[in-house]
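Undergrad: Whatever this is, show me its structure:
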Amino acid sequence: MTATGATAETAAPAIAVGDLLLEMLAIPSPTGSEWRLAAALRERLAGAGFAAEIDPAGSVVATRGDGPRELMLLGHLDTVPGTIPPRLEAGRIHGRGAVDAKGPLAAAIAAVARRPLDPRTRLTVIGCVDEEGDSRGARQVATRPAPDTLIVLEPSGWEAVTVGYRGIVRAELRLEDALRHRAAPASTVADRLVALLARLQRDLDDRGAGRSSFHRADLRVTGLEVVGTGLREAALARLQFRLPPDLGSAALLDWLDRERGEAELLVQFAVDAVHTPRDSRAARALARAIRHRGGAPHQKVKTGTADMNLLVPRWGCPAVAYGPGDSHLDHTPEEAVDVEELERAVDVLDAALGGLSR
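TA: Model (predicted):
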């Protein structure tokens, strides 16, 4: 690990959340290319009074205080691909990652920086790598002792707290056979693979009939390819399954193994759904803080997946997800967040950390 900086003062220098977010957005960090942002953020945090380091996975780990009770705020540095010129326009900050999830991470850093140090508490902010991939950063973090409370930094909107995410399985199905003339009556490998995919989707649709989006399983085909050697050909489908709490990844893969027939199955990544208690200490602290800021707190569950899915089963500590931004703008060309919402989220996190420190 490479460490810089130390905290000696009671309060760190103030951090303007909008300025920090624009700095972060100016450094592109698609999954697999987070190192420049990690290095810059480590230096920025060290200069703001944090003890900051880069962990073995490449994530930024920054701490204020040295008390026995650890409150962890964990976000991610990486974004999906796509360039959106960073800019402040009509009170909104635009850029790839403004919502998912540099905005929530910037809000947490600003909130922690302005918290007076409490001898009972240690505040840890982590910016993970590879959240949009296979959660390599979170897997490294999971080797640490469990914190007393975990707040995962994902967009929920400043008045909402997220208590659940669906699980995910990423896999490939491959079907290979001798090459056939295209005018022959027999089906090609592509025909057979497409028919298999249609049947899998029908079965999942039947299972999920009448259920909410969070409580149903979905299959999305993210890629199709046919390759040949002149004598043989293969059809390959890249798949993404989203899983509800009552369907674990092991059960989904058992079903897929039974149904795949002659197709080969390659599993790339799997994590189960997570649903944390609605009345946890973390959820109550954030609700009080939102109410104090003049908001109407409410809870939500998400149809996507986050590092919370990996860490909560490992640690078992009170956990929620929180952060500014409209998650419907995740991964879109319109990704942007209101400066006012960022500032409200900083206030909420500041107040919630104060409550959790007592």
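
Undergrad: End to end on stretch 141-161, go ahead and measure it.
TA: Taking CA to CA, to the nearest Å, stretch 141-161 runs 23 Å from one end to the other.

Undergrad: tell me which residues in that stretch are buried?
TA: By neighbour count on 16 or more other CB atoms under 10 Å, the buried set for stretch 141-161 is 141, 144, 146-161. C-betas here are computed from N, CA, C, even on glycine.

Undergrad: Inside strands: which ones of these?
TA: 149, 150, 151, 152, 153, 160, 161 (DSSP state E).

Undergrad: what about the nearest residue to the fifth one once chain neighbours are set aside, which SS state?
TA: This means residue 153. Using CB to CB, 6 or more residues apart in numbering and skipping residues adjacent in sequence, the residue nearest residue 153 is residue 75, 3.2 Å away. Using DSSP: H, G, I helix; E, B strand; the rest coil, the structure places residue 75 in strand.

Undergrad: Nearest to residue 333, out of the ones in strands among the buried residues of stretch 141-161: which one, please.
TA: For these, the residue nearest residue 333 by CB to CB is residue 153; the value is 22.8 Å.

Undergrad: which residues does that closest one contact?
TA: Neighbouring residues of residue 153 by CB atoms under 8 Å, 6 or more residues apart in numbering: 73, 74, 75, 76, 101, 104, 105, 107, 108, 321, 322, 323.

Undergrad: How about the backbone phi and psi for the residue nearest the centre of the chain?
TA: In the chain, the residue lying closest to the centroid (CA atoms, centre = their mean) is residue 306, at 3.4 Å. In this entry, residue 306 is assigned phi and psi values of phi -140, psi 170 (degrees, to the nearest 10).

Undergrad: Can you tell me how far it is from residue 254?
TA: 25 Å (CB to CB, to the nearest Å).

Undergrad: try residue 209
TA: For residue 209, the distance to residue 254 - CB to CB - is 22 Å.

Undergrad: Residue 313 too?
TA: Residue 313 is 19 Å from residue 254, by CB to CB.

Undergrad: Model confidence score at the closest residue to residue 281 other than its chain neighbours, please.
TA: If the residues on either side of it in the chain are set aside, residue 281 comes closest to residue 318, at 4.6 Å by CB to CB, 6+ apart. Here, the pLDDT recorded for residue 318 equals 97.

Undergrad: right, and residue 318 touches residue 150 too?
TA: Yes: between residue 318 and residue 150 there is a contact at 7.1 Å, judged by CB atoms under 8 Å.

Undergrad: how about the helices of the stretch 201-350 of the chain, start to end?
TA: For the stretch 201-350 of the chain, the helices defined by DSSP state H, counting those that start in this stretch cover 249-259, 281-292, 308-315, 339-357.

Undergrad: what's the angle from the last one to strand 149-153?
TA: Which is helix 339-357. Here the directions of helix 339-357 and strand 149-153 differ by 170 degrees (axes from the mean of the first three to the mean of the last three CA atoms, to 10 degrees).

Undergrad: the domain parsing of the chain - what is it?
TA: The record's domain parsing of the chain by automatic domain parsing lists 2-165+274-357, 167-271.

Undergrad: Pull the contacting residues for residue 119.
TA: 65, 67.

Undergrad: so what pLDDT did it get?
TA: We have a pLDDT of 93 for residue 119.

Undergrad: Could you look up the SS state of it?
TA: coil.

Undergrad: Give me the phi and psi for it.
TA: Main-chain torsions, residue 119, degrees, to the nearest 10: phi -60, psi -20.

Undergrad: what separates it from residue 67, distance-wise?
TA: As judged by CB to CB, residue 119 and residue 67 stand 5 Å apart.

Undergrad: Kindly report the same for residue 79.
TA: Distance of residue 79 to residue 67, computed by CB to CB: 33 Å.

Undergrad: Mind checking which of the two has more residues around it?
TA: residue 79 (28 against 14; other CB atoms under 10 Å).

Undergrad: Assign the residue nearest to the more buried one when sequence neighbours are not counted to helix, strand or coil.
TA: Distance criterion CB to CB, 6+ apart; nearest residue to residue 79, sequence neighbours excluded, is residue 97 at 4.1 Å. Secondary structure, three-state DSSP: residue 97 is coil.

Undergrad: List the buried residues of stretch 78-86.
TA: Residues of stretch 78-86 classed as buried: 78, 79, 84, 86 (neighbour count, 16+ other CB under 10 Å).

Undergrad: Pop out the phi and psi values for the second one.
TA: Looking back up the chat, that one is residue 79. phi -130, psi 170.

Undergrad: Just confirm it contacts residue 133, I think it does.
TA: No: the criterion here is CB under 8 Å, and residue 79 misses it with residue 133 at 11.2 Å.

Undergrad: quick one: which of residue 209 and residue 254 has more around it?
TA: Taking other CB under 10 Å, residue 209 and residue 254 do not tie; residue 254 has more neighbours (11 against 8).

Undergrad: State the distance from the more buried one to residue 206.
TA: Taking CB to CB, one finds residue 254 at 18 Å from residue 206.

Undergrad: same check, this time on residue 60
TA: For residue 60, the distance to residue 206 equals 45 Å [CB to CB].

Undergrad: mind listing the strands for the stretch 1-150 of the chain?
TA: Using DSSP state E, counting those that start in this stretch, the strands found in the stretch 1-150 of the chain span residues 2-4, 51-54, 60-64, 69-76, 87-89, 92-94, 121-128, 149-153.

Undergrad: Of those strands, flag the one that's most buried.
TA: Greatest average neighbour count among the strands of the stretch 1-150 of the chain goes to strand 149-153 (a mean of 28), per mean count of other CB atoms under 10 Å.
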